[in-house]
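> how would this look folded up:
(one chain, ligands or ions: 2)
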Amino acid sequence: MATQVSVHSLPIVALPDPGAAPTDDAVRQAAQSLDTACSETGYFELTNHGIDLGLIRRTLEETAAFFRRPAEDKARYTAGVETQFLGYRRLGAEKSLFHGGAEACEQYRIGRSHDRPAAATAIDTAHFHAPFADSSMLFARLERLGDQLMTLAAIGLGNAEDRFAPFFESPMHRLGLNYYAPGSSAELGNSMPYGMSPHIDRAVFTIVIQDEPGLELLSPNGAWQSVPAGPDVLVGFMGDYLQRWTNGRYRAVQHRVGEIRRDRISIQYKHKPSYAVVVEPLARFLAADGAPRYDPFDTGTQYERLLSTLLS
Ligand SMILES: O=C(O)CCC(=O)C(=O)O
Ligand SMILES: [Fe+2]
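Ligands and ions are numbered 1, 2, ... in the order given. Here you go, the predicted model:
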């Protein structure tokens, strides 16, 4: 198993100003650097994103305040299949497929609900978003940034800029807010000290902001790379779905959170298609023999089944 952790600078994707025409140099350069990063490493740092640092700081504070609440209060927001997995996941709620223990953090998810099949119980998203006013504003900004990245990805892949739009008519983007405390892994009796064990996200891509270091990305040469921390650092990496659509041209990035020595909060924005989109290699990325390297994956019931087995 690769254990070495090193800090390098990440490939930079400098975003063009919003409203720039697709023919602008800044757009073509951003599309090009995104394409190179996604095919070579799968990860990058985003600059010139225009997101207010104060909003990120307030989100981190709001998140810390929520996790400081008493357990019985947090339990009012418990996430499960009946909440479409929005809300709170207590310490130990998420199993690890990697070591058989549980992920050593508390988590919260905000996002839209879906109504297919006609939900037996309507989800009160206002209830789940109420403790997270600033986070919800940041979420809206990250959704716009995610859309911008999707457009750049389509251009970088040589497609029309709206190539992916049909998959995002009613997107199920998620904002994840995680809290890690020293000693949680031992408290859970885990056999490995990870804050979160290695995995690939079921998302198109993920953008992470962390107040303390901890996130580690698996580089193509098999070394784990830790990434810079701070409210001003936005790290992006590929998830399963863009790897699947591009039949492996883009590299989904395994990532993990190392052993926690100081309280740590992470914000993860996961860019996701609509409910029940079947993600499968697109015809133009198939090899000459037409063989897909990945099976289709359904972001509806198949994804829900997966989450149900992970959350106890
Ligand atoms: O906390 C982090 O930095 C990463 C968390 C993560 O990988 C996830 O929630 O999928
Ligand atoms: Fe992840």
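> which helix runs longest in this protein?
Determined from DSSP state H, the single longest helix within the chain is helix 133-156.
> how about the helices in the stretch 1-150 of the chain?
Under the criterion DSSP state H, counting those that start in this stretch, helices of the stretch 1-150 of the chain are mapped to 25-40, 53-67, 71-74, 125-129, 133-156.
> out of those helices, which is closest to ligand 1?
helix 53-67 (11.5 Å; CB to the nearest ligand atom). From N, CA and C alone the C-beta is placed, and that goes for glycine too.
> ok, and what's touching that closest one?
Contact partners of helix 53-67, identified using CB atoms under 8 Å, 6 or more residues apart in numbering, comprise 74, 106, 108, 131-135, 137-138, 141, 177, 179, 209, 211, 231-232, 263, 265, 267.
> then it to PDB, C-alphas only?
Extracted C-alpha coordinates of helix 53-67, given in PDB (Å, rounded to 0.1, in the frame of the first residue of the first chain):
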ATOM      1  CA  LEU A  53     -13.400  34.700   1.400                       C
ATOM      2  CA  GLY A  54     -15.700  36.100   4.100                       C
ATOM      3  CA  LEU A  55     -18.500  33.800   3.000                       C
ATOM      4  CA  ILE A  56     -16.100  30.800   3.200                       C
ATOM      5  CA  ARG A  57     -15.000  31.800   6.700                       C
ATOM      6  CA  ARG A  58     -18.600  32.300   7.900                       C
ATOM      7  CA  THR A  59     -19.400  28.800   6.500                       C
ATOM      8  CA  LEU A  60     -16.600  27.300   8.500                       C
ATOM      9  CA  GLU A  61     -17.700  29.100  11.700                       C
ATOM     10  CA  GLU A  62     -21.400  28.100  11.100                       C
ATOM     11  CA  THR A  63     -20.300  24.500  10.600                       C
ATOM     12  CA  ALA A  64     -18.200  24.500  13.800                       C
ATOM     13  CA  ALA A  65     -21.100  26.000  15.700                       C
ATOM     14  CA  PHE A  66     -23.500  23.300  14.500                       C
ATOM     15  CA  PHE A  67     -21.200  20.400  15.500                       C
END
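> could you confirm whether that helix reaches ligand 1?
No - applying CB under 6 Å from any ligand atom, one finds helix 53-67 separated from ligand 1 by no less than 11.5 Å.
> check which residues of that helix are buried.
Neighbour counts over helix 53-67 (16 or more other CB atoms under 10 Å) mark 56, 58-60, 62-63, 66-67 as buried.
> now do it against helix 133-156, angle only.
Orientation check (axes from the mean of the first three to the mean of the last three CA atoms, to 10 degrees): helix 53-67 against helix 133-156 gives 120 degrees.
> still on that earlier bit, could the buried residues of helix 53-67 go into a markdown table alongside pLDDT?
Formatted as a markdown table, the buried residues of helix 53-67 follow (pLDDT from 0 to 100):
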| residue | pLDDT |
| --- | --- |
| I56 | 98 |
| R58 | 98 |
| T59 | 98 |
| L60 | 98 |
| E62 | 98 |
| T63 | 98 |
| F66 | 98 |
| F67 | 98 |
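> distance to A165 added to those, as CSV?
Converted to CSV, those look like this (distance: CB to CB, whole Å):
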residue, distance to A165
I56, 28
R58, 31
T59, 28
L60, 32
E62, 32
T63, 31
F66, 34
F67, 36
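> what's the closest of the residues you listed to T309?
F67 (25.2 Å; CB to CB).
> would you mind measuring from the closest one to K95?
20 Å (CB to CB, to the nearest Å).
> quick one: A160 is in a helix?
No - counting by DSSP: H, G, I helix; E, B strand; the rest coil, A160 is not part of a helix but coil.
> list the contacts of A102.
Contacts of A102 by CB under 8 Å, 6+ apart are 91-96, 188, 190.
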